[in-house]
Each structure stands twice: as structure tokens, then as C-alpha cells.
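Peer 1: no sequence on this one, just coordinates:
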């Protein structure tokens, strides 16, 4: 997943690329809290909806191209954990069942540090890893590339994609982008 810098840096938009860096899809905003996953032919493949929690407190609902629920990323940090850490602990849920968990590391003070966060299933086995790497873009805003390395097939690939999108979205909300509080000049 690669951020798509915009001229005025007002959009939250990213490209999804295969291992050969060929674009296979995009995620674009529909509104402030709704995002669409688009194929190369501009057909909707799914939707991500950020919950009403402010900042990085809300959930992300995942639905298919027909708006049927696929699952949800749910933040599990309690109040004190939110105060002490910028990391966001989340579960990957389908229906009423938890199918995995991970952490989204949002750290404005260490924004150039690489991130390698595992996504684990309910037995603790690693299903995939999200890697983040800083990328120079000739703007005052910080951008990252994200790689999803899957160690085995899963029944919930859209939730894995939503997890990578959560890394991108929360980094943009905290570090850069239209809602960001930090730039490279901070």
C-alpha cells in the first residue's frame, strides 16, 4: 500500500500494488469517514467506514461491494492505555467472533522508524505482518509505504487489507495529511 500524495494534500488516498509494484486497486475517500476500495477499472470492491469515535478511538467497519458487513477492526485499549501509549491494540472481528488481533503503532516522535507489526490469529499464530517504511515525497508531510506479508492463506483477506489501511489512515491522522498535527518541519 502506497500513499498517493495530493497536490494540496487534502485527500486520504492510497494505491494497492502487487509484488511487482503494479497498481491493482486504490482506496479513495467518499466522505470524511467513508472510503471505497476500487479496482483498476474503478469498480467498487469494498468499503471501509471509520466509526464515530474521534481521532484514533473509533472502529473501522469493513463491507463488501454490496455494502454487506464483512467484519470490523475494534480498538481494545482502555482509557489508561490510551493515555500511556500511542499504539492502538485492535481485534479483527467477523460477526460476533474475534478472528485475530494486532497493534497499529502510531508514534509521531519515531515517525522515521520502521514498523513490523504481526497480525495473529486467536491461537497466537502469525497470519501476516504489516511493515511500514518512510518514503521521501517532496512535500512537508510525512508519507509511508506499507507491505502486507502473509505467512498463510486466510478466510478474511479483506480484514487484513483493512488492517493495512488502518496503519495508513491512523498515521495520516496523527502524523500528516489533512488532519495531521506533525509535518517534516515540526
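Peer 2: Everything's here; your move. None of these values were measured; they are calculated from a predicted model. Residues are numbered from 1 along each chain as shown.
Peer 1: all strands of the chain, in order?
Peer 2: In the chain, the strands defined using DSSP state E lie at 2-3, 14-17, 23-29, 34-39, 44-50, 60-64, 69-75, 87-94, 97-105, 115-120, 126-135, 143-150.
Peer 1: show me what the shortest one is packed up against.
Peer 2: Counting by 3 or more CB pairs under 8 Å, 6 or more residues apart in numbering; DSSP states H and E, the packing neighbours recorded for strand 2-3 are strand 14-17, strand 143-150. Just so you know, the C-beta spots here come from the backbone N, C-alpha and C atoms, and that holds for glycine as well.
Peer 1: mean pLDDT lowest where, among these?
Peer 2: Mean pLDDT per stretch puts strand 143-150 lowest among those, at a mean of 88.
Peer 1: what's in contact with that one?
Peer 2: 1-3, 5, 127-135, 137, 160-161, 163-164, 167-168, 171, 176 (CB atoms under 8 Å, 6 or more residues apart in numbering).
Peer 1: buried ones in that strand?
Peer 2: Buried residues in strand 143-150, counting neighbours by 16 or more other CB atoms under 10 Å, are found at 143-148.
Peer 1: which secondary element of the protein has the worst mean pLDDT?
Peer 2: Least confident helix or strand, the chain: helix 79-84 with a mean of 66, by mean pLDDT, DSSP states H and E.
Peer 1: Throw the strands of the chain into TSV and include distance to residue 156, thanks.
Peer 2: Supplementary listing: these in TSV, determined by distance: least, CB to CB, whole Å:
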stretch	distance to residue 156
strand 2-3	23
strand 14-17	17
strand 23-29	17
strand 34-39	15
strand 44-50	12
strand 60-64	9
strand 69-75	6
strand 87-94	6
strand 97-105	6
strand 115-120	10
strand 126-135	9
strand 143-150	11
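Peer 1: in this structure, where is pLDDT below threshold?
Peer 2: Residue ranges of the chain with pLDDT under 70: 6-11, 52-57, 79-86, 107-111, 135-142, 175-186.
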